[in-house]
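Undergrad: Just to be clear, the model below is a prediction. Sequence and coordinates:
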Amino acid sequence: MLFAEVADVKITATIITFNEEENIAAACESVAWADEILVVDAGSSDRTREVARSCGARVIEREWPGFAAQKQFAAEAASHDWIFSLDADERVSPRLRESILSLRHLDEGALADGYRVARRSFYMGRWIRGGGWYPDYQLRLYHRARGRWQGAYVHESVKMVEGARVVILEGEILHYSVRDAAHHHRMIGERYAPLGARQMYEAGQRTSPIKIALAGPAAFLRSFILKGGFRDGLAGYAIARFAAHHAFLKHLLLWEMQRKGESE
């Protein structure tokens, strides 16, 4: 009688950090089930590395090369082939932990090459349902020989090789990214809009005064109406307004890059 070979699913949980002293302990605790926790730190000036080591994580310090490059480095430095990537402001729900651990009991042929997970964000005191923020599927668990991180500036993601099989896992990643309105505003102005504009510019995209004028209202309607942000009340309205601000600022910054490029 022939027996199917049980999969050897040993997982390294990778977390990239920079000044995440307040978050790293809870992040590490939520992946304590992993066979290894690897933290790649970009030179934090707080106690991030010390706290991570106290939680049992292996810590590597590396200069910041960008989100995708840092996450790819973490995957390559891991001790195991199966990678679960978590951000420091995220947590693994109990149901997701059970789903991941259940993979260890599958036959080798039953494993997919990668797994997508729904991400739910906590904002203004509530879990968000609409506005394009949920289910916000993320490919976070994958065999590193079958996937690689990509993304020049923002919205980094794992690109799987052609023919790879990807399925959805039950459970959620719980996201605590925005502390308050002021933090949300700074994130857009200091990170997302400038990086998004740079990515658009280098991809050959261009804007115009009419696009700048329409970008904000279009983003608001898409978030609040088309993607159901109205279901989240004031929080949904705030998300839509910030989406509009982000779209407007990104296009305005892109316009400035265009003007500067034309004058050089």
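TA: Structure's in. What do you need?
Undergrad: Which parts of this protein belong to which domain?
TA: If you go by automatic domain parsing, the domain ranges for the chain are 11-175, 181-263.
Undergrad: what about Pro217, helix or strand, and which?
TA: Per DSSP states H and E: Pro217 is located in helix 209-221.
Undergrad: Turn the domains of the chain into TSV, including mean neighbour count and mean pLDDT.
TA: To be clear about C-beta, it is placed using only N, CA and C from the backbone, and glycine gets the same treatment. Compiled in TSV, those are given as follows (neighbours: other CB atoms under 10 Å; pLDDT from 0 to 100):
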stretch	mean neighbour count	mean pLDDT
domain 11-175	18	96
domain 181-263	17	95
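Undergrad: ok, Ile212 to Leu221 distance?
TA: As judged by CB to CB, to the nearest Å, Ile212 and Leu221 stand 16 Å apart.
Undergrad: all strands of the stretch 151-264 of the chain, in order?
TA: For the stretch 151-264 of the chain, the strands defined by DSSP state E, counting those that start in this stretch cover 157-160, 166-175.
Undergrad: Tell me the gap between the helix holding Pro217 and the middle of its chain.
TA: When distances are taken as CA atoms, centre = their mean, to the nearest Å, helix 209-221 is centred 26 Å away from the chain's centroid.
Undergrad: same deal with stretch 79-96?
TA: 11 Å.
Undergrad: Please apply the same query to stretch 93-105.
TA: 20 Å.
Undergrad: And the contacts of it?
TA: With contact meaning CB atoms under 8 Å, 6 or more residues apart in numbering, stretch 93-105 is reached by 6-7, 9, 11, 30, 33, 84, 92, 111, 115, 117, 141, 169-174.
Undergrad: I'd say Glu20 and Ala42 touch.
TA: No - judged on CB atoms under 8 Å, Glu20 makes no contact with Ala42 at a distance of 10.0 Å.
Undergrad: Tell me where the stretch 151-264 of the chain has helices.
TA: Taking DSSP state H, counting those that start in this stretch as the test, the helices found in the stretch 151-264 of the chain are 181-187, 193-202, 209-221, 233-263.
Undergrad: out of the ones you listed, nearest to Arg49?
TA: helix 181-187 (23.4 Å; CB to CB).
Undergrad: what comes into contact with the closest one?
TA: Contacts for helix 181-187 (CB under 8 Å, 6+ apart): 177-178, 238, 242, 245.
Undergrad: what's the closest of the residues you listed to His251?
TA: His245 (11.2 Å).
Undergrad: Surely that closest one and Gly216 touch.
TA: Yes - applying CB under 8 Å as the test, His245 and Gly216 come out as touching, 6.9 Å apart.
Undergrad: separation between the residue lying closest to Arg165 once chain neighbours are set aside and Gln138?
TA: Counting by CB to CB, 6 or more residues apart in numbering, the nearest residue to Arg165 once its immediate chain neighbours are dropped is Ala112, at 4.5 Å. Per CB to CB, Ala112 is found 15 Å from Gln138.
Undergrad: Equivalent analysis for Arg49, please.
TA: Arg49 is 25 Å from Gln138, by CB to CB.
Undergrad: what is the orientation angle of whichever strand or helix holds Leu101 with strand 166-175?
TA: Assessed by DSSP H and E, Leu101 sits inside helix 94-102. Orientation check (axes from the mean of the first three to the mean of the last three CA atoms, to 10 degrees): helix 94-102 against strand 166-175 gives 140 degrees.
Undergrad: same for the helix or strand following helix 94-102, what does it pack against?
TA: Next in sequence after helix 94-102, counting helices and strands by DSSP H and E, comes strand 114-123. If you count contacts as 3 or more CB pairs under 8 Å, 6 or more residues apart in numbering; DSSP states H and E, strand 114-123 packs onto strand 138-143, strand 166-175, helix 233-263.
Undergrad: one more time with 7 Å
TA: strand 138-143, strand 166-175 (3 or more CB pairs under 7 Å, 6 or more residues apart in numbering; DSSP states H and E).
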